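J.: sequence unknown, structure follows:
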């Protein structure tokens with residue numbers, strides 16, 4: 001997966017256009033729901049990791065201040081990429097506009113963060129294209145206004161997350177191979193979190209506890225590997241089995257039984273004992289050997305299954321500065 005290419009330098013600050021800007025999906029290795037907050041949101045703990053399943057965006061500067069978008073069939077006119085552009089425009093009092101061309105690949109309402117990632121890549125790209133010079137922390141504050149999952153994509157590092165998902169601490173995770181499947185039907189995040197079935201009292205973990213577990217798992221990964229299983233797949237399976245779970249998964253499986261069939265299919269294809277749902281669903285994933293094949297295996301017509309590689313970091317990590325401006 002390459003970073004944006006075809007960047008055309010404009011006269012003055014910024015760029016006239018940015019093409020082929022990636023917006024990667026994410027998976028959640030666990031989702032713990034600690035409780036419901038007074039504002040109606042939930043306190044969570046999770047680990048985000050980016051994967052190489054991407055939407056792609058092109059940005060062309062407009063000098064008339066208009067924000068427009070094409071592509072993304074089925075999305076509302078005011079999708080998260082448009083909302084991100086308008087928010088950044090208003091925050092910075094920028095008089096420039098943009099035409100966005102969105103090429104969707106990540107399924108909607110899958111728990112893979114496609115819309116959130118589109119919004120984050122838009123913030124990062126327009127900060128450059130419009131020559132605004134906002135720091136990463138400033139962009140993350142704006143990202144939170146767009147949704148709880150948006151800040152991690154601006155943060156740019158795989159992360160242990162707390163709060164509603166905005167309190168982030170970087171974690172180093174291997175670039176293991178994953179088989180990711182979507183059953184062809186999405187799930188409403190609001191409905192999943194609003195369900196009476198949802199467990200809301202999972203005890204809190206600590207980032208230091210997770211870090212210690214990860215060190216122990218990496219040190220013992222040789223013992224976790226089974227015949228014909230890669231070292232990374234063995235470590236990923238151990239991580240999922242021994243640290244955490246997704247509190248939303250039972251709710252999602254009750255609402256969409258097809259998730260259970262997809263989970264069983266992934267388990268059979270990968271041989272892994274760890275198959276998990278990402279976010280609030282409906283996508284499922286399992287660690288796999290890099291050489292796994294599945295194209296000849298029967299599956300439901302509506303399913304979309306993809307072999308992915310987990311990423312060490314966001315491909316646009318270098319597009320925002322962590323330093324204070326002089």
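T.: Thanks, I have it. Model, not experiment: these values are computed from the prediction.
J.: CA only for contacts and neighbour counts going forward, please
T.: Fine.
J.: Show me where the protein has its strands.
T.: Assignment of strands within the chain using DSSP state E yields the ranges 5-9, 15-36, 42-62, 67-71, 97-103, 159-163, 167-170, 177-182, 276-277, 284-287, 304-309.
J.: Can I get those strands in JSON lines including distance to residue 244 and mean pLDDT?
T.: What follows is the strands of the chain, written out as JSON lines (distance: least, Cα to Cα, whole Å; pLDDT from 0 to 100):
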{"stretch": "strand 5-9", "distance to residue 244": "39", "mean pLDDT": "41"}
{"stretch": "strand 15-36", "distance to residue 244": "5", "mean pLDDT": "96"}
{"stretch": "strand 42-62", "distance to residue 244": "9", "mean pLDDT": "97"}
{"stretch": "strand 67-71", "distance to residue 244": "38", "mean pLDDT": "97"}
{"stretch": "strand 97-103", "distance to residue 244": "34", "mean pLDDT": "98"}
{"stretch": "strand 159-163", "distance to residue 244": "12", "mean pLDDT": "96"}
{"stretch": "strand 167-170", "distance to residue 244": "17", "mean pLDDT": "96"}
{"stretch": "strand 177-182", "distance to residue 244": "18", "mean pLDDT": "96"}
{"stretch": "strand 276-277", "distance to residue 244": "11", "mean pLDDT": "94"}
{"stretch": "strand 284-287", "distance to residue 244": "15", "mean pLDDT": "94"}
{"stretch": "strand 304-309", "distance to residue 244": "22", "mean pLDDT": "96"}
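J.: how about a markdown table for the ones you listed, with mean neighbour count added?
T.: As requested, the strands of the chain are exported to a markdown table (neighbours: other Cα atoms under 10 Å):
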| stretch | mean neighbour count |
| --- | --- |
| strand 5-9 | 13 |
| strand 15-36 | 23 |
| strand 42-62 | 23 |
| strand 67-71 | 15 |
| strand 97-103 | 21 |
| strand 159-163 | 22 |
| strand 167-170 | 17 |
| strand 177-182 | 25 |
| strand 276-277 | 28 |
| strand 284-287 | 28 |
| strand 304-309 | 18 |
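J.: so which of those strands gets nearest residue 207?
T.: strand 159-163 (6.8 Å; Cα to Cα).
J.: Parallel or antiparallel, list what pairs with the closest one.
T.: Looking at strand 159-163 with DSSP bridges, its paired strands and their directions are strand 42-62 (antiparallel), strand 167-170 (antiparallel).
J.: Among those, which comes closest to residue 286?
T.: Closest approach to residue 286 among these (Cα to Cα): strand 42-62, 12.6 Å.
J.: Next, count neighbours for residue 323.
T.: Burial of residue 323, expressed as a neighbour count using other Cα atoms under 10 Å, amounts to 9.
J.: what does the model give the residue lying closest to it once chain neighbours are set aside for pLDDT?
T.: On the basis of Cα to Cα, 6 or more residues apart in numbering, the spatially nearest residue to residue 323 that is not a chain neighbour turns out to be residue 135, at 6.9 Å. We note a pLDDT of 97 for residue 135 in this prediction.
J.: circling back: just put the strands of the chain in TSV and tack on distance to residue 196.
T.: Converted to TSV, these look like this (distance: least, Cα to Cα, whole Å):
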stretch	distance to residue 196
strand 5-9	47
strand 15-36	12
strand 42-62	14
strand 67-71	37
strand 97-103	36
strand 159-163	21
strand 167-170	26
strand 177-182	24
strand 276-277	19
strand 284-287	22
strand 304-309	29
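J.: Which one of the ones you listed lies nearest to residue 110?
T.: strand 177-182 (6.8 Å).
J.: Touching the closest one from outside, list them.
T.: Counting by Cα atoms under 8 Å, 6 or more residues apart in numbering, strand 177-182 makes contact with 107, 110, 232-233, 262, 266, 270, 282-290, 303-310, all of which sit outside it.
J.: From the chain's centroid, how far away is it?
T.: What separates the centre of strand 177-182 from the centre of its chain is 13 Å, taken as Cα atoms, centre = their mean, to the nearest Å.
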